[in-house]
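Chemist: Pasting the sequence and the predicted model now:
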Amino acid sequence: MLKLMTPGPTRVRENVRMARSLETTNPDLDLEFYNYYKETCELISELLNTKNPAYILSGEGILGLEAACASLTEPGDRVLVIDNGVFGRGFADFVRIYGGEPVLYTTDYQTMVDAAALKEYLEQDHDFKYATIVHCDTPSGRLNPIQDICPLLKSYGILTVVDAVASMFGDVVQVDDWQVDIVCGGSQKALSAPVGLTFVTVSSDALQAMKQRKTPIASFYANLTIFENYYENKWFPYTMPISDIYGLRRALENVKAEPGIYERHKQVADYVRDTILEAGYCIYGKNGYANTVTAMVIPNGMDEKSILEGVAKEANIMLAGSFDVFAGKLIRIGHMGENANMNDAKLTVEALLKVLSK
Ligand SMILES: *Cc1c(COP(=O)(O)O)cnc(C)c1O
């Protein structure tokens, strides 16, 4: 098997794989499991620096994004979709599916969203129920300053939905200090658990907006209010994927046990970017570089396939291309979670530079 240096799914540590193989109980009927689930959710909230409750949903990262939009959007609602990347723009689809009117605020994909420019825009128009923004837009490697943007939106009474799937646990996320109403995460990125789970934290303002709807939420699986009171009532809306949650818990404990986790990601990210730049190649974008992924511009005359195959052959390492508007244009190194260590970063960059020089 090739060694993963992709921006998710990432490598999974042995203790997480072992946790997924533990004997399982009936998660609907075993009251102990309600405690286990609740404690796991509390650990998520703790690691994301929030008092807001977290919920683990049975579905891949995309479910969290859709659930946030499904739960907040009522027909006719205007929603500000902050678009400076592929995932950023993608939120418009979810808003539309649930009858909302997405209003795109599109900026250059090479730069992070500029809070001062957004403020000028909002002064003219701020009639939005909520706004969506991506923290790390993985296809381009952009990291947006949600620490500036979410408080700004909040000052206009606009709720915020942040896709932090590819940033959290590699770049710091401070949900409460940054006033993020709903943050969406996934198991398979920097958390380094296998694919399959998403989790969200929900603020009291967001919950209130869901409860004050005039129309019912047009989904069951993507309805975030169905988890309310699960603990008091000892009743999950559907049977929880217990083995996945055992693995997730271990992965969260791994994060908690490593106070230097953000420093590690930064060190690896700096090394990868600096070395590629020193060798004379380009990193996509002008600012806002994520610590979880680096997107290198494919030099003229070279193609994605031969670079990816070359690195696989040279060092037994799997890198990724990109997609959508970046298809065939970028090579991405995922230095997130278990992938993010200096040893593998060196092997990866050396192999990549060797392949490029051929
Ligand atoms: C990975 C990722 C998701 C989840 O989407 P998949 O492509 O289905 O894994 C959502 N948002 C961002 C920013 C991601 O990187």
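Modeler: Here it is on my side, so go on.
Chemist: CA atoms for contacts and neighbours, from now on please.
Modeler: OK.
Chemist: what sits against the residue of the stretch 151-300 of the chain found nearest the ligand?
Modeler: Closest to the ligand within the stretch 151-300 of the chain is A166: 4.4 Å, counting by CA to the nearest ligand atom. By CA atoms under 8 Å, 6 or more residues apart in numbering, the contact set of A166 is P7, G8, H135, C136, D137, T138, G185, G186, K189, A190, T292.
Chemist: Likewise for A70?
Modeler: Neighbours of A70 in contact, by CA under 8 Å, 6+ apart: F94, V95, Y98, I217, A218, S219, A222, N223.
Chemist: Which of these ranks first by neighbour count?
Modeler: V95 (27 neighbours; other CA atoms under 10 Å).
Chemist: Make sure the residue of the stretch 151-300 of the chain closest to the ligand is indeed in a helix.
Modeler: No: read with DSSP: H, G, I helix; E, B strand; the rest coil, A166 is coil and lies in no helix.
Chemist: Following the record's annotation, map out the domains of the chain.
Modeler: As given by automatic domain parsing, the domain ranges for the chain are 3-7+260-357, 14-256.
Chemist: end to end, how far does the shortest one reach?
Modeler: One end of domain 3-7+260-357 sits 22 Å from the other (CA to CA, to the nearest Å).
Chemist: do stretch 185-195 as well
Modeler: 12 Å.
Chemist: now check that stretch, is it near the ligand?
Modeler: No: using CA under 6 Å from any ligand atom, we find that stretch 185-195 stays clear of the ligand, coming within 6.7 Å at best.
Chemist: which residues touch that stretch?
Modeler: So stretch 185-195 is contacted by 7-13, 16, 60-61, 64, 163-170, 196-200, 244, 247-248, 251-252, 255, 292, 336-338 (CA under 8 Å, 6+ apart).
Chemist: and those residues, which of them are in strands?
Modeler: Taking DSSP state E, the ones among the contacts of stretch 185-195 that sit in strands are D163, L197, T198, F199, V200.
Chemist: which of the residues you listed tops the neighbour count?
Modeler: V200 (32 neighbours).
Chemist: Go ahead and confirm that one touches V183.
Modeler: Yes: between V200 and V183 there is a contact under CA atoms under 8 Å: 5.4 Å.
Chemist: hang on, the earlier thing: got a quick ChimeraX command for the buried subset of the contacts of stretch 185-195?
Modeler: Restricted to buried positions by 16 or more other CA atoms under 10 Å, the ChimeraX selection for the contacts of stretch 185-195 reads:
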select :7,8,9,10,11,12,13,16,60,61,64,163,164,165,166,167,168,169,170,196,197,198,199,200,244,247,248,251,252,255,292,336,337,338
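Chemist: of all the ones in strands among the contacts of stretch 185-195, which two lie farthest apart?
Modeler: D163 and L197 (14.3 Å; CA to CA).
Chemist: Flag every residue of this protein that's near the ligand.
Modeler: Of all the residues in the chain, those lying near the ligand are G61, I62, F87, C136, D137, T138, D163, V165, A166, going by CA under 6 Å from any ligand atom.
Chemist: Could you check how far R89 is from the ligand?
Modeler: 11 Å (CA to the nearest ligand atom, to the nearest Å).
Chemist: element containing that residue, please.
Modeler: For R89, the host element (DSSP states H and E) is helix 86-97.
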